[in-house]
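Asker: with the sequence up front, the predicted model follows.
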Amino acid sequence: MKTFLMEHKRWFQTLFVLIGMFLLIQYLKIDLTILLTDLHYVVELLNEMFPPNFEAIWDNNKVLNSILETISMAYLGTLFGGLIAFLFSIIASNNIFNFILIGRLAKLILSFIRVLPSLVVILIFVVAVGPGPFAGVLTIIFATIGTLGKLFTESLENLDPTSAQSLQSTGAHKLQTFKYAVWPEFLPAFISNLLYCFDINMRAAVALGIFGGGGIGYKLYLAMRVLHYKDAVALIICIIILLLIIENLSNYLRHKILGN
Amino acid sequence: MIKAVHLTKQLPNGKLLLNDISFEVSKGEFLGILGPSGAGKTLTLKSLIGLLDLTNGEVWIEESNNEHINIFNTKAKVLKKLRTKIALIFQGYHLVQRATALDNVLMGRLGSISTFRSLIFGFNEVEKKAAMSSLEKVNMQHLAQAKVASLSGGEKQRVAIARALFQEPNLLLADEPISSLDPKNAKIIMGILKELSTLFPVIGVFHQPELCAKYCSRIIAIKDGKKVYDGPPVLEESLLEFIYGEELAIVIPEKYAN
Ligand SMILES: Nc1ncnc2c1ncn2[C@@H]1O[C@H](COP(=O)(O)OP(=O)(O)OP(=O)(O)O)[C@@H](O)[C@H]1O
Ligand SMILES: [Mg+2]
């Protein structure tokens, strides 16, 4: 029996996956036939979406404002989140901060921040400060602390310790070695991670807008809610172009910084 | 004056990295330390400045007013102050790669200037001039503004030496300071070290017995963590063979011998 199982291992594995899939589809009550019977809805929706109504964007100053709002949210969130993350990472880095237990605590707080999904965090902030860009910025700051706190800690802990040691051997103060030996070596990682995070935060700022964070995401939410699909598609195209520009800009700057 | 007494470093597994090494070096002496790779030369040098936790041993350093301090038995503050006047050139240079050569030299005096000033204002013009002249001494003034990461091995080594000179120490420890230098620069550096030894003790680790014999005033040989020679810089062939092991003696296969 055992050898039979072993010999046909692959078949049993495949069977197992298929049965699991079938059971889960039943459990979620997914009716696959809908895909076929309701196909005409999709066609109708597409008809209502095209052509996109770009005039809704140029005519309406508010849309341009909302784009600026989204960029500002991502920018401020990255800036303040980055600064707080930097402070955290100094405490969390064993090679810089000597109190290992406090460092562990900082790392624990950082991972706690990271496991909280942003969509949950924004719900809390919307209740706390009301819907709008402020709630969005606070959420982005929160997420940025988690992400950059980890990345900064890793780059600080991976720095070559010898240059700082050689300064300490000349009697330099810990703060002096930080400014002269640690900071210059850390700076490229600092800036490149900030740029990378700004790129991520742009997407987050759009998505959070839908959940009450303001900006162009909120405009998209409004357009969908009042069934202005042609406006919505124009907004989506706008968002895609905006995100592509930001991503390429961020990549370009990062390569330039890491290059030298 | 610096005095090492019974320097001993034992690993938990019982292996002796330093085995009861003692010596004393005074002003006017240029001590060369020789020995095969892995003998314990770097560990010896590091113990002299308290960078190595010894199993046993003391290092006594003379303060200005004839007072002697055991660096392994003193307050952190005293040790820190003592270190501002001890220059150690590391075997791997240990420079800040993304800073310029000049900035790396300036860092040699961080311990001596006020922390507040160095954090807020940085170094002043007088110090920059002095750092420049240290670079000139090792023929590196033309690369003062170059990032260390872009320098060649020998250039990095000379920046590390310039930093030690700029520190204005009372004691200079140099771990293989000429290992990456061409013959001309090696001689220049050996000349500088010899000259400095008239002002304060200079201790260098070398893999060049000929240059040691020529420039040093005294030689110590270390093998397997033990001091096996301490005396004048007269290196007979039998001694060299003893230090480095016979297998290192150059043997020319008959085929190539003419
Ligand atoms: N932290 C350590 N733990 C275990 N062994 C060590 C440690 N540090 C050094 N050693 C060993 O001690 C020995 C002496 O090291 P040291 O660096 O002093 O050699 P060295 O004489 O300077 O050699 P080289 O000429 O290659 O620089 C080496 O075998 C090294 O592997
Ligand atoms: Mg060595």
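Answerer: On my side now, so go ahead. Ligands and ions are numbered 1, 2, ... in the order given.

Asker: shaky segments in chain B?
Answerer: By pLDDT under 70, the weakly predicted segments of chain B are B:246-258.

Asker: how about the residues of it that lie near chain A?
Answerer: With the criterion set to CB under 8 Å from any CB of the partner chain, chain B comes near chain A through B:49, B:51, B:80-84, B:86-88, B:90, B:92, B:94-99, B:103, B:107-112, B:115, B:118-119, B:167. Yep, even glycine has a C-beta here, placed from its N, CA and C like the rest.

Asker: what sits against residue A:28?
Answerer: By CB atoms under 8 Å, 6 or more residues apart in numbering or on different chains, no residues touch residue A:28.

Asker: ramachandran angles for it?
Answerer: phi -80, psi 0 (degrees, to the nearest 10).

Asker: do you know how far it is from residue A:22?
Answerer: The gap separating residue A:28 from residue A:22 is 11 Å, by CB to CB, to the nearest Å.

Asker: for the closest residue to residue B:148 other than its chain neighbours, helix, strand, or coil?
Answerer: The shortest distance from residue B:148 to any non-neighbouring residue, by CB to CB, 6 or more residues apart in numbering or on different chains, is to residue B:95 (4.8 Å). Classification of residue B:95 by DSSP: H, G, I helix; E, B strand; the rest coil places it in coil.

Asker: burial check on the closest residue to residue A:215 other than its chain neighbours, number of neighbours?
Answerer: In space, and not counting its chain neighbours, residue A:215 is closest to residue A:70: 3.5 Å by CB to CB, 6+ apart. Look at residue A:70: counted by other CB atoms under 10 Å in any protein chain shown, it has 29 neighbours.

Asker: what's the helix or strand for residue A:70?
Answerer: In the assignment (DSSP states H and E), residue A:70 maps to helix A:61-92.

Asker: buried sites along that helix?
Answerer: A:63, A:66-67, A:69-82, A:84-86, A:88-92 (16 or more other CB atoms under 10 Å in any protein chain shown).

Asker: so how far is it off the chain centroid?
Answerer: Relative to its parent chain, helix A:61-92 has a centroid offset of 12 Å by CA atoms, centre = their mean, to the nearest Å.

Asker: quick one: mean pLDDT over it.
Answerer: The average pLDDT for helix A:61-92 rounds to 92.

Asker: get me the contact residues on the stretch 51-200 of chain B for ligand 2.
Answerer: By the rule CB under 5 Å from the ion, the part of the stretch 51-200 of chain B lying against ligand 2 is residue B:91.

Asker: which SS state does whichever residue of the stretch 51-200 of chain B sits closest to ligand 1 fall under?
Answerer: When scored by CB to the nearest ligand atom, the stretch 51-200 of chain B has residue B:91 as its residue closest to ligand 1, at 5.6 Å. Secondary structure assignment for residue B:91 (three-state DSSP): coil.

Asker: that one and residue B:178, how far apart?
Answerer: 12 Å.

Asker: hang on, residue B:203 in a strand?
Answerer: Yes: Residue B:203: assigned to a strand according to three-state DSSP.

Asker: could you check the distance from the spatially closest residue to it that is not a sequence neighbour over to residue A:160?
Answerer: Nearest residue to residue B:203, sequence neighbours excluded (CB to CB, 6+ apart): residue B:31, at 4.7 Å. Counting by CB to CB, the separation of residue B:31 from residue A:160 is 30 Å.

Asker: how about the residues of chain A by chain B?
Answerer: A:160, A:162-163, A:165-167, A:169-173, A:175-177, A:179-181, A:184-185, A:187-188.

Asker: which of these are buried?
Answerer: A:163, A:166-167, A:169-173, A:176-177, A:179-181, A:184-185, A:188.

Asker: nearest to residue B:218 among those residues?
Answerer: Relative to residue B:218, the closest of those is residue A:169; by CB to CB it sits at 24.5 Å.

Asker: list the contacts of the closest one.
Answerer: Contacts of residue A:169 by CB under 8 Å, 6+ apart are B:49, B:51, B:83, B:86, B:88.

Asker: out of these, which are inside helices?
Answerer: Applying DSSP state H to the contacts of residue A:169, the entries found in helices are residue B:83.

Asker: ok, so of the contacts of residue A:169, who is nearest chain A?
Answerer: residue B:83 (3.8 Å; CB to the nearest CB).

Asker: from residue A:116, how far out is the closest one?
Answerer: Computed as CB to CB, the residue B:83 to residue A:116 distance reads 46 Å.
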